[in-house]
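[1] got a predicted structure here, sequence first:
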Amino acid sequence: PIFGIDHDGMVNQWNINAVEITGFSKEEMLGQDLVKVHITEDFRVSFKTVVDNARHGQATANFEFPFFTKDKRRIEVLLNVTTRCNEQ
């Protein structure tokens, strides 16, 4: 899946693979605070650190975190984080 968040942590991209895996539609996810709403409490600090590092140009590969699907199943997501530049 591919998803993006803005500088405030709000979802601004949610592709069809993310929809299929999580059960959440693009419309449901856009504008959501990904960390506060969908990341388990025990991973919020580390997830935020990874995202903050990306904002400063430091990519992270293979960061694993749990995510609860729309039907409340816990899945493990393997995240690769990079900074997106020149977004139009």
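    Cool, the structure landed.

[2] in space, what's closest to F24 - neighbours in sequence excluded?
    Of all residues not flanking F24 in the chain, K70 sits nearest, at 5.2 Å (CB to CB, 6 or more residues apart in numbering). From N, CA and C alone the C-beta is placed, and that goes for glycine too.

[3] tell me the secondary structure at that neighbour.
    coil (DSSP: H, G, I helix; E, B strand; the rest coil).

[4] ok, which stretches of the protein are helices?
    Assigned by DSSP state H, the chain shows helices spanning 16-22, 26-29, 34-38, 41-55.

[5] so what does the first one touch, helix or strand wise?
    Based on contacts counted as 3 or more CB pairs under 8 Å, 6 or more residues apart in numbering; DSSP states H and E, the elements that helix 16-22 packs against are helix 26-29.

[6] and the helix it packs on, which residues are buried?
    M29 (16 or more other CB atoms under 10 Å).

[7] contacts for that helix, please.
    Helix 26-29 is touched from outside by F3, V11, W14, N15, A18, V19, K70, with contacts defined as CB atoms under 8 Å, 6 or more residues apart in numbering.

[8] alright, I will stop here.
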